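**Student:** build me a model from this:
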Amino acid sequence: MTSASDLIRPTTRRQLLETAKSLKKATIEACWQDGGFLPVTLDNPPSSERAAMFASYSAGVDWSDEQHVERALGVFEALLREKKADDDRYPHAKVNWRKGVQQALEQDGYQLTERLQIARFGGWRPEHATSDAESYQLAVRLLVGARNQMERLPTLVASLHEERLRDILLVSLNAFFEGESTGETLNGKGKADILLRIGDRNVMIGECKIWGGSIAFGQAINQLLGNLGAYDTQTVIPLFIREKDPEGMTQRAVDAVKEHPAYSSTGSMDVVNRKYEFVLDHGGREVTLTVVPFALA
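**Tutor:** Numbers count the residues shown, from 1 in each chain. Reported below is the predicted structural model:
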């Protein structure tokens, strides 16, 4: 979509296209999809397959809408990081693309930082705005950090019920994400215990659960899946364990995920940091689930 009120000019978008079109087609597609965009059919697509893919997604952006542009800037940042990664892997093929991108963005009132963030002059775009996938991983790390602190102060949380434990996690998330995380928020077919929404995108949906056995844990997974919208794919279950054998209960929870009908595969099993990642099949859509156990006995 192109109009006189575009916040990012067509020439700037073409500069980003020229920079990104050397990336793999799957990488370009993944970056746009992480931003929540869908391709549109072009009447006269570019002859290059990669350029055509970029253009088909770019054409679906309302470049005069601030929220659309904010999401698209996150896509651009992700593409630039992929470009830099390619430069690092293949230094003999490195080209000086940064200057051209920076000059184009400056014409629209934006600057490109050393960390490849795109921000308005005099403005600020927080680190978590760069990529939904990165924001999700960061949010999980924040939950792990909050978990570690809660485990060090057992008397602080000993008498708290599930909702109050969740509220502590929301405080930890919002200390970084500036109030973007809410509790008991309508989404999908129910209310999400934790919903991290940046702009108009759901980055993480969580279901808090006090361990009550494998059957109850499987029901929590069902509830979590029921709270997902059409494009929600990143989830977490903070699992509060008040049993005397947290390692054994954690293993039972891991086994319960693997026995769930939606289980597809096992991802990263970070035993050191006690976070366990899985891939679920939710109506043909891959959903990432991270289980973070809390030993609160």
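
**Student:** please make it C-alpha for all contacts and neighbour counts, starting now.
**Tutor:** Fine.

**Student:** ranges for the helices of the protein?
**Tutor:** Counting by DSSP state H, the chain has helices at residues 10-20, 25-34, 49-58, 66-89, 98-106, 132-152, 154-157, 162-177, 214-226, 246-259.

**Student:** kindly reformat those helices as a markdown table containing mean pLDDT, mean neighbour count and distance to Phe121.
**Tutor:** Formatted as a markdown table, the helices of the chain follow (pLDDT from 0 to 100; neighbours: other C-alpha atoms under 10 Å; distance: least, C-alpha to C-alpha, whole Å):
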| stretch | mean pLDDT | mean neighbour count | distance to Phe121 |
| --- | --- | --- | --- |
| helix 10-20 | 92 | 18 | 16 |
| helix 25-34 | 89 | 18 | 25 |
| helix 49-58 | 92 | 20 | 23 |
| helix 66-89 | 86 | 19 | 14 |
| helix 98-106 | 91 | 17 | 8 |
| helix 132-152 | 89 | 18 | 23 |
| helix 154-157 | 87 | 12 | 44 |
| helix 162-177 | 91 | 18 | 21 |
| helix 214-226 | 96 | 18 | 40 |
| helix 246-259 | 96 | 17 | 47 |
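
**Student:** these: which one's closest to Gly283?
**Tutor:** helix 214-226 (10.0 Å; C-alpha to C-alpha).

**Student:** picking that back up, which one, of the helices of the chain, ends up nearest to Leu116?
**Tutor:** helix 66-89 (6.1 Å).

**Student:** next, format the helices of the chain as TSV and append distance to Val292.
**Tutor:** Compiled in TSV, the helices of the chain are given as follows (distance: least, C-alpha to C-alpha, whole Å):
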stretch	distance to Val292
helix 10-20	36
helix 25-34	23
helix 49-58	35
helix 66-89	27
helix 98-106	39
helix 132-152	7
helix 154-157	17
helix 162-177	12
helix 214-226	13
helix 246-259	9
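
**Student:** for Asp270, find the nearest of those helices.
**Tutor:** helix 132-152 (11.3 Å).

**Student:** residue contacts, Pro39?
**Tutor:** For Pro39, the contact set (C-alpha atoms under 8 Å, 6 or more residues apart in numbering) comprises 53, 56-60.

**Student:** nearest to Val271, out of the helices of the chain?
**Tutor:** helix 246-259 (10.4 Å).

**Student:** residues making contact with the closest one?
**Tutor:** Here helix 246-259 has contacts from 211, 214-215, 217-218, 221, 241, 243, 263-266, 276, 278, 293, 295, using C-alpha under 8 Å, 6+ apart.

**Student:** now do that helix and helix 214-226, the angle between them.
**Tutor:** Using axes from the mean of the first three to the mean of the last three C-alpha atoms, to 10 degrees, one finds that helix 246-259 and helix 214-226 are set 60 degrees apart in direction.
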